[in-house]
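*Asks:* This is a predicted model, with the sequence first.
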Amino acid sequence: VQLLIDGPATYAAMLESIRDARHVVLLETYIFADDEIGQKFAQQLIAKRQQGVQVRIIYDSLGSAASKDSFFETMHSAGIQIIEFHNPNPLEGGNPLNINVRDHRKLLMVDGKVAYTGGINLSNTYSSSSKDRKRKDPKTEGWRDTHMAIYGPAVKGFEKIFHDNWTEHGGEPFELTEADDDHNIAGQEIVAVLSAHGGDGEESPIFHAYLDAMKAASHRIWITQAYFAPDEQFLDELTGAARRGVDVRVIVPGVSDSQLVLNASRSRYGQLLEAGVRIYESSSSLLHAKTAVIDGIWATVGSSNLDYRSFLHNDEVNAVVFGVNFARSLEDQFLDDIAESRAISLDEWHDRSLFKRLKEWVSWPLEYWL
């Protein structure tokens with residue numbers, strides 16, 4: 001497993017894997033933007049298809065709504081197989097009743113050898129690093145995000161998730177890459193592949209993985225989360241861990257692309273701070289990462305936020321990694337992010353204005369749909 005921080009490093013690794021593809025490329029993403037970054041990926045995928053590589057793409061209709069139809073038609077005309085996930089427009093044959101169920105996954109698998117997952121979409125938003133101090137607007141460029149590359153037999157688990165989504169939405173079944181698990185080991189970590197299927201009425205396996213890990217935590221729980229608005233069960237486990245002496249820290253955005261989600265997140269600060277949870281707001285760039293590391297052994301990177309939408313409505317995918325080396329890398333990044341963040345104190349929170357309290361209160365009835 002390899003930790004990838006921010007867009008430039010992630011895109012470089014993904015594009016290199018696509019360039020090296022010999023058999024099949026599978027791509028599933030929430031946002032596939034018709035911009036410089038999106039075009040770079042599209043052209044690379046078209047080039048591989050022209051070389052005989054099978055290329056399949058699933059993109060979310062709502063997440064990629066700003067992209068022109070011609071952008072996807074060009075790829076389709078080149079022989080790339082494409083599925084648009086849940087188009088809500090009835091004039092285009094879509095079902096408006098599906099508008100609340102979105103494909104929020106970010107997945108790339110190449111030749112059964114490597115899988116990429118995390119929080120990074122294909123968009124110019126990630127074209128610069130969060131460390132680039134020349135950014136003009138942290139809300140539109142240089143987002144701070146985390147992705148990862150996975151090698152070895154776990155890749156087949158990600159392929160299976162893609163295949164099931166592909167066939168469920170009308171794609172022709174295809175054979176998964178054969179993997180010799182006994183000779184395909186690529187490292188010492190163990191990887192669990194967890195997926196949530198939005199709108200099926202089942203509770204998210206990702207949600208339960210967090211709960212189980214927090215229950216077992218004895219030393220530290222460090223969470224970095226773009227949209228932090230979990231339910232009471234999650235908060236009870238988090239505050240309970242803090243009260244039994246676990247070092248619980250949460251980094252959340254100080255600025256966000258969704259003010260309503262930011263207010264919903266802040267509405268939980270009082271309960272967390274009073275229990276001893278330390279809260280930090282990222283101040284140098286817009287935080288979009290969805291990661292956690294617990295007790296220096298359990299770590300997760302993926303697309304799932306800690307909110308109702310990710311746990312109930314979206315298709316999501318997370319990798320859970322068991323291993324000290326990857327956990328240490330994620331802890332080092334967590335400490336780097338804290339250095340770029342501002343600690344929120346309980347006294348400061350009690351002294352916040354009435355207007356701020358009102359915005360938090362208004363967010364409560366809406367957060368289920370955010």
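*Replies:* Alright, I've got the coordinates.

*Asks:* buried ones in stretch 241-249?
*Replies:* By 16 or more other C-beta atoms under 10 Å, the buried positions in stretch 241-249 come out as Ala241, Ala242, Val246, Val248, Arg249. (C-beta placed from N, C-alpha, C; glycine too.)

*Asks:* And the host helix or strand of the second one, what does it pack against?
*Replies:* Element membership for Ala242, per DSSP states H and E: helix 232-243. Helix 232-243 is packed against helix 205-216, strand 247-253, helix 269-275, with contacts defined by 3 or more C-beta pairs under 8 Å, 6 or more residues apart in numbering; DSSP states H and E.

*Asks:* repeat that for 10 Å
*Replies:* helix 205-216, strand 220-225, strand 247-253, helix 269-275, strand 306-307 (3 or more C-beta pairs under 10 Å, 6 or more residues apart in numbering; DSSP states H and E).

*Asks:* per-residue pLDDT, Arg357?
*Replies:* As predicted, Arg357 sits at a pLDDT of 66.

*Asks:* Distance of the spatially most central residue of the chain relative to Phe71?
*Replies:* Among the residues of the chain, Ser303 comes closest to the average C-alpha position under C-alpha atoms, centre = their mean, at 1.9 Å. Distance, Ser303 to Phe71, using C-beta to C-beta, to the nearest Å: 22 Å.

*Asks:* ok, now Gln43?
*Replies:* Gln43 is 11 Å from Phe71, by C-beta to C-beta.

*Asks:* The two: which has the busier surroundings?
*Replies:* Neighbour count, other C-beta atoms under 10 Å: between Gln43 and Phe71, Phe71 has more, with 18 against 13.

*Asks:* Doesn't the more buried one lie inside a helix?
*Replies:* Yes. According to DSSP: H, G, I helix; E, B strand; the rest coil, Phe71 belongs to a helix.

*Asks:* quick one, what contacts it?
*Replies:* Phe71 sits next to Phe32, Ala33, Asp34, Asp35, Gly38, Gln39, Ala42, Tyr59, Ser64 when contact means C-beta atoms under 10 Å, 6 or more residues apart in numbering.

*Asks:* Turn these into CSV, columns for distance to Leu15 and neighbour count.
*Replies:* Below are the contacts of Phe71 laid out as CSV (distance: C-beta to C-beta, whole Å; neighbours: other C-beta atoms under 10 Å):
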residue, distance to Leu15, neighbour count
Phe32, 14, 26
Ala33, 15, 22
Asp34, 17, 19
Asp35, 15, 17
Gly38, 12, 20
Gln39, 12, 15
Ala42, 11, 21
Tyr59, 18, 23
Ser64, 19, 23
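
*Asks:* sorry, back to before: columns distance to Ala319 on top of the helices and strands packed on helix 232-243, output as a markdown table?
*Replies:* As requested, those are arranged in a markdown table below (distance: least, C-beta to C-beta, whole Å):
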| stretch | distance to Ala319 |
| --- | --- |
| helix 205-216 | 10 |
| strand 220-225 | 15 |
| strand 247-253 | 20 |
| helix 269-275 | 26 |
| strand 306-307 | 16 |
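
*Asks:* Columns mean pLDDT and distance to Ser129 on top of those, output as JSON lines?
*Replies:* Shown next, in JSON lines, are the helices and strands packed on helix 232-243 (pLDDT from 0 to 100; distance: least, C-beta to C-beta, whole Å):
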{"stretch": "helix 205-216", "mean pLDDT": "97", "distance to Ser129": "27"}
{"stretch": "strand 220-225", "mean pLDDT": "98", "distance to Ser129": "16"}
{"stretch": "strand 247-253", "mean pLDDT": "96", "distance to Ser129": "17"}
{"stretch": "helix 269-275", "mean pLDDT": "93", "distance to Ser129": "29"}
{"stretch": "strand 306-307", "mean pLDDT": "90", "distance to Ser129": "25"}
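
*Asks:* wait, which of those is closest to Ala327?
*Replies:* strand 220-225 (9.7 Å; C-beta to C-beta).

*Asks:* what inclination does that closest one have with respect to strand 247-253?
*Replies:* Angle, strand 220-225 to strand 247-253, by axes from the mean of the first three to the mean of the last three C-alpha atoms, to 10 degrees: 10 degrees.

*Asks:* list the buried ones in strand 220-225?
*Replies:* Residues of strand 220-225 classed as buried by neighbour count (16+ other C-beta under 10 Å): Arg220, Ile221, Trp222, Ile223, Thr224, Gln225.

*Asks:* helix or strand right after that strand?
*Replies:* Per DSSP H and E, the first helix or strand lying C-terminal to strand 220-225 is strand 228-229.

*Asks:* Which neighbours in the sheet does that next one have, and how are they oriented?
*Replies:* Using DSSP bridges, strand 228-229 pairs in its sheet with strand 306-307 (parallel).

*Asks:* continuing past the strand it pairs with, what's the next helix or strand?
*Replies:* Using DSSP H and E, the helix or strand that follows strand 306-307 in sequence is helix 308.

*Asks:* With just CA atoms, put the helix or strand where Val261 lies into CSV.
*Replies:* Secondary structure from DSSP H and E places Val261 in helix 259-266. The C-alpha trace of helix 259-266 is given here as CSV (Å, rounded to 0.1, in the frame of the first residue of the first chain):
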residue,chain,number,x,y,z
GLN,A,259,-21.6,25.9,4.5
LEU,A,260,-24.6,23.8,5.6
VAL,A,261,-22.3,20.7,6.2
LEU,A,262,-19.8,22.9,8.0
ASN,A,263,-22.5,24.2,10.3
ALA,A,264,-23.8,20.6,10.9
SER,A,265,-20.3,19.6,11.8
ARG,A,266,-19.8,22.5,14.2
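
*Asks:* quick one: it to strand 220-225, angle?
*Replies:* Interaxial angle, helix 259-266 versus strand 220-225 (the same axes, to 10 degrees): 170 degrees.

*Asks:* Please enumerate the helices of the stretch 1-150 of the chain.
*Replies:* With helices called from DSSP state H, counting those that start in this stretch, the stretch 1-150 of the chain shows them at 6-19, 36-50, 69-77.

*Asks:* Having no further points to raise, I will conclude here.
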